[in-house]
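[1] Curious how this folds, go ahead:
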Amino acid sequence: MHHPRSFWRGYLFFGGFFMTPLVSGWLLGRGFRALEHGSTGRVYAIAAGLAVAESCRMASLYIGVLGWVRSMSHMATFLRANMLEAQLVSGGALAGTPAGSAREAIPHFRDDVDDVIQLIDGALDLSYGLVFLAIGSFILARMNAPATAALVLPLLAIGVGARLLDGRIKRYRALDRAAASAVTGLVGDLMAAATTVKVNAATDAVTARLATLTEVRRHTAVRDRVLDEGVQALGRGVSNVAFGLALLVSAKALSEGRFGAPQMAVMVGYLGWLSFVPRIAGRVMARRKQAGVAIERMSWLVARNESANLVLDQDLPIEAHQDRPRRRPRRPERVSLERLDVIDLSARFPGGSGVGPVSLSLPRASFTVVTGPIGSGKTTLLRALLGIATNTSMSGEVRWNGRTLDDRAAFLVPPNAAFLPQVPQLISDTLADNIALGSVTDEVLAHALHLAELEHDIAAMGAGTSTLIGPRGLRLSGGQRQRVATARALVHLPELVVLDDLSSALDVETEVRLWDNLADAGMTVLAVSHRAVAFERADQVLHLEGGVLR
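    The predicted model follows:
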């Protein structure tokens with residue numbers, strides 16, 4: 001109902017396609033009756049009526065398909081847009097639980113959405129099929145009630161059979177989707193880490209692992225598909241049995257002349273569409289459970305794991321003339337930072353490991369360094385402060401100018417805060433797009449390049465900021481990738497900059513200039529580092545060990 005005009009237009013025109021055979025079958029019976037009475041002129045008139053009816057039916061199909069395909073595309077995009085927005089927003093009421101990896105997310109966006117759309121498509125067909133069944137049965141019952149009962153009653157077997165298989169249909173589809181996610185994820189990981197696999201001579205090992213996962217997927221896919229086809233085959237079989245029973249019941253009436261060619265013509269004209277009902281009913285009943293699995297799986301990606309958040313209102317143009325500018329990201333209002341206080345902050349993983357309680361204070365324009373051994377919880381501390389430490393139970397407070405931040409993930413984003421993770425992620429696009437992730441002025445971009453010590457590198461590139469960096473920044477050095485990500489963190493001049501081991505890929509001279517630039521810009525910095533040059537410039541150095549400050 002998000003875009004009702006498109007939906008109902010396609011639905012109503014498909015109605016013309018499905019319901020016109022009622023008129024055609026009735027005209028066919030009238031035509032045979034006219035032949036029995038030798039009314040040649042009436043036969044021609046009825047034949048012309050049949051031609052008109054079938055022409056209208058084909059026109060309805062053509063228009064209906066155009067509208068319905070557009071509507072289906074819109075519905076699929078609608079679901080995907082809500083999942084994508086929930087995954088991309090940092091915090092707030094619309095933020096969903098982040099997917100662990102692409103292997104978890106891709107099947108939700110691809111297969112699960114398709115399952116839901118296929119259910120809606122089948123339900124549309126079934127709704128008109130049931131209307132056709134009711135009207136057609138009424139017309140046939142007036143001609144031969146026993147034959148009509150023999151034709152219609154076996155259709156109940158479809159509902160009974162599908163009902164008995166409900167649980168199995170749902171279980172098999174869930175297992176198949178999980179197996180598909182495992183294969184998709186491994187293939188994606190292998191493509192991203194192809195060089196690592198080669199240099200470690202691990203091709204045979206990863207190929208064997210892929211073969212194992214593929215075999216599991218083969219087993220689950222075959223089992224799911226066989227059950228799905230079995231339910232549909234039940235519908236087809238029942239249709240044939242029902243027609244046979246109708247002919248047997250009609251045998252006496254045929255022999256006595258009470259069920260002649262006109263009545264038989266109507267039955268044959270309606271038969272194909274009446275037999276369509278059990279076939280589509282079996283398909284829809286199977287898809288209903290499969291779509292239920294899909295809805296549950298997609299709900300994992302949206303806020304509070306509630307399926308209602310899959311259908312939040314979205315502005316999605318689907319017509320060619322509805323080209324609209326890209327929506328601006330919903331950023332919080334900038335609030336100048338005077339002091340940041342962290343009070344008894346803790347983040348614990350299910351196994352009990354983690355960090356905290358930790359308390360610290362960052363005055364405006366200060367430079368604070370967090371150091372400590374590997375595994376001491378430095379990264380977890382930064383993520384907990386920002387409210388993005390997933391799969392942990394967090395407690396404690398973070399106060400911005402004395403005001404407690406209830407939703408840190410929503411507030412601590414540009415222009416209030418920016419975070420540079422230990423392993424920055426770049427996209428296969430230009431340098432400018434990687435830094436801006438949207439639209440900024442040339443002056444703002446140039447200032448970010450200056451702060452990140454990228455000016456000389458950009459000048460040496462023929463295309464400047466329009467240089468394509470390749471997948472994951474493949475065409476850049478490690479230091480350049482780190483500084484591009486740094487420029488992205490600084491492009492909106494955030495009040496607070498949180499850096500996780502920025503200096504790991506930088507030489508000492510570049511690092512010194514970078515710290516100077518941040519100090520000159522008056523930014524408040526919280527950084528993880530192990531370098532003496534960072535300790536020397538720091539206003540305070542915090543040593544983290546075993547998850548607590550020492």
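
[2] Where does I427 fall, secondary structure wise?
    Assigned by DSSP states H and E, I427 belongs to neither a helix nor a strand.

[3] and it, how many neighbours?
    The local packing of I427 (other Cβ atoms under 10 Å) involves 12 other residues. In this view, the C-beta of every residue, glycine as well, is placed from N, C-alpha and C.

[4] again with Q480
    Applying other Cβ under 10 Å, we find 20 residues neighbouring Q480.

[5] In contact with it, which residues are there?
    Contacts for Q480 (Cβ atoms under 8 Å, 6 or more residues apart in numbering) come out as 454, 457, 473.

[6] nearest spatial neighbour of the last one, skipping sequence neighbours?
    Using Cβ to Cβ, 6 or more residues apart in numbering and skipping residues adjacent in sequence, the residue nearest G473 is L426, 3.8 Å away.

[7] on that earlier part again, now, among the contacts of Q480, which is nearest to Y270?
    Nearest to Y270, judged by Cβ to Cβ, of the contacts of Q480 is G473 at 64.3 Å.

[8] and R383, that one's in a helix?
    Yes. Counting by DSSP: H, G, I helix; E, B strand; the rest coil, R383 is part of a helix.

[9] Next, work out how far apart it and A389 are.
    4 Å (Cβ to Cβ, to the nearest Å).

[10] Over to D315?
    Relative to A389, D315 is positioned 32 Å away (Cβ to Cβ).

[11] Between the two, which is the more surrounded one?
    Under the criterion of other Cβ under 10 Å, the comparison of D315 against A389 puts A389 first, with 24 against 8.

[12] which SSE is V43 in?
    Judged by DSSP H and E, V43 forms part of helix 40-88.

[13] mean confidence score for that helix?
    Taken as a whole, helix 40-88 carries a mean pLDDT of 89.

[14] which residues does P98 contact?
    Listed by Cβ under 8 Å, 6+ apart, the contact partners of P98 are 87, 390.

[15] isn't there a helix covering it?
    No. Assigned with three-state DSSP, P98 falls outside any helix and is coil.

[16] In terms of pLDDT, where does it sit?
    Confidence at P98, expressed as pLDDT, is 81.

[17] And it, how far from A180?
    Taking Cβ to Cβ as the measure, P98 falls 21 Å from A180.

[18] what does G372 give?
    41 Å.

[19] What of P278?
    Distance of P278 to A180, given as Cβ to Cβ: 30 Å.

[20] picking that back up, tell me how many other residues surround the residue nearest to G473.
    The tally of other residues near L426 (other Cβ under 10 Å) stands at 20.

[21] Assess the claim that it and R481 are in contact.
    Yes. Using Cβ atoms under 8 Å, L426 makes contact with R481 at a distance of 6.2 Å.

[22] what is in contact with those two at once?
    Shared contacts of L426 and R481, defined by Cβ under 8 Å, 6+ apart, comprise G473.

[23] what's near enough to touch the spatially most central residue of the chain?
    Centroid-nearest residue in the chain, with Cα atoms, centre = their mean: F109, separated by 2.8 Å. By Cβ under 8 Å, 6+ apart, the contact set of F109 is 80, 83-84.

[24] Just the buried ones from these?
    Buried subset of the contacts of F109 (neighbour count, 16 or more other Cβ atoms under 10 Å): 80, 83.

[25] Contact partners for the closest residue to N416 other than its chain neighbours?
    Spatially, and ignoring its direct neighbours in sequence, N416 is nearest to E495 (5.4 Å; Cβ to Cβ, 6+ apart). When contacts are counted by Cβ under 8 Å, 6+ apart, E495 is found next to 334-337, 415-417, 523-524.

[26] gap between E495 and H447?
    With the distance defined as Cβ to Cβ, E495 ends up 16 Å from H447.

[27] Ok, V548 next?
    Remark: distance between V548 and H447 (Cβ to Cβ) = 38 Å.

[28] again, but for A418
    Applying Cβ to Cβ, the value for A418 to H447 is 14 Å.

[29] L468 now?
    Noted for L468: a distance of 23 Å to H447, by Cβ to Cβ.

[30] what about the two, which has more around it?
    Per other Cβ under 10 Å, whichever of L468 and H447 has more neighbours is H447, with 17 against 12.
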